[in-house]
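*Asks:* need coordinates for the below:
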Amino acid sequence: MLVSDIKRRVKRQFGDESGAQLKDPDIIDWINDAQKEIYVKNNLGQKIGTMNTIINTQSYSFPADLMRLLSVKYDGSTITEISQQDVDKFIPNADMVNPGQGIPQHYWTYADKISLYPNPDSVKVLTIRYNRTPTSVAIDTDNTDLDQKYDNRILDYCHAMSAQLDGNMQGYIMFMQRFEGKVDSTKNDEFEMQAASSYPGISVSVRDSDEWGMI
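*Replies:* Alright, predicted model coming up:
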């Protein structure tokens, strides 16, 4: 859906077609926030990133478009995530220049980096599965980065935020509950369609990247 259409419909619902109270930058922010919420709730924008490890190098930067990290594999084998608290408790030498080399068994994230332990002792493929960040909208002619079935959900979110801006908490709760419920039902519908499919297909999308190779 075009940004211009969303702005028009949100302002009309609110009764402010002139935009005296609802400002365009606010609505654009709401659209982008709604996209992120939908991507996370329905596990959309799944991607796979790959890069080669470097011998005795612990940390690797996130792909530029990463929103939520799902899993990490080293040389095809899944490695276990541990919290920063457990790192400090159980791997006190993790920040040393050379805490040891071997086949990584654990990883943690900090400052937009994936850290492996122990440090890799050979060059292997590091693979991550993640949800990408949806493409943000900025101007009237931009389209949202979602399938058309989510158009009304974006509107629900924007209506909820405009009600909150106006101090109408009842309206905010009503629209936000509808947003969350309908997003969930759309996810359930997709799962049912996939389960009913006799011949599932696989599609591969190639996107540009920096150090990560994407498929």
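*Asks:* which residues in this structure form strands?
*Replies:* Assigned by DSSP state E, the strands in the chain fall at 46-52, 59-61, 66-74, 77-78, 80-81, 101-102, 106-110, 113-117, 119-120, 125-132, 213-214.
*Asks:* any chance of those strands in TSV, with mean neighbour count and mean pLDDT too?
*Replies:* For glycine as for every other residue, the C-beta is placed from the backbone atoms N, C-alpha and C. Formatted as TSV, those follow (neighbours: other CB atoms under 10 Å; pLDDT from 0 to 100):
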stretch	mean neighbour count	mean pLDDT
strand 46-52	17	97
strand 59-61	17	96
strand 66-74	17	97
strand 77-78	11	97
strand 80-81	12	96
strand 101-102	13	93
strand 106-110	18	95
strand 113-117	20	95
strand 119-120	22	94
strand 125-132	19	97
strand 213-214	16	73
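*Asks:* mind putting those strands into TSV with distance to residue 179?
*Replies:* Listed next are the strands of the chain as TSV, based on distance: least, CB to CB, whole Å:
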stretch	distance to residue 179
strand 46-52	22
strand 59-61	34
strand 66-74	19
strand 77-78	34
strand 80-81	30
strand 101-102	47
strand 106-110	29
strand 113-117	32
strand 119-120	44
strand 125-132	19
strand 213-214	30
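*Asks:* how is the chain divided into domains?
*Replies:* 3-44+134-193, 46-132 (automatic domain parsing).
*Asks:* which residue is nearest the centroid of this structure?
*Replies:* The residue lying closest to the centre of the chain (CA atoms, centre = their mean) is residue 67, at 3.6 Å.
*Asks:* who are the contact partners of it?
*Replies:* 36, 39-40, 45, 130-134 (CB atoms under 8 Å, 6 or more residues apart in numbering).
*Asks:* and which of these is nearest residue 61?
*Replies:* residue 130 (12.9 Å; CB to CB).
*Asks:* any idea how far the closest one is from residue 163?
*Replies:* Distance, residue 130 to residue 163, using CB to CB, to the nearest Å: 33 Å.
*Asks:* again, but for residue 75
*Replies:* Taken as CB to CB, the span from residue 75 to residue 163 is 51 Å.
*Asks:* more crowded one of the two?
*Replies:* Ranked by neighbour count (other CB atoms under 10 Å), residue 75 and residue 163 place residue 163 first, with 20 against 15.
*Asks:* which residue, other than its chain neighbours, is closest to that one?
*Replies:* Nearest in space to residue 163, with sequence neighbours left out and distances taken as CB to CB, 6 or more residues apart in numbering, is residue 171 at 3.4 Å.
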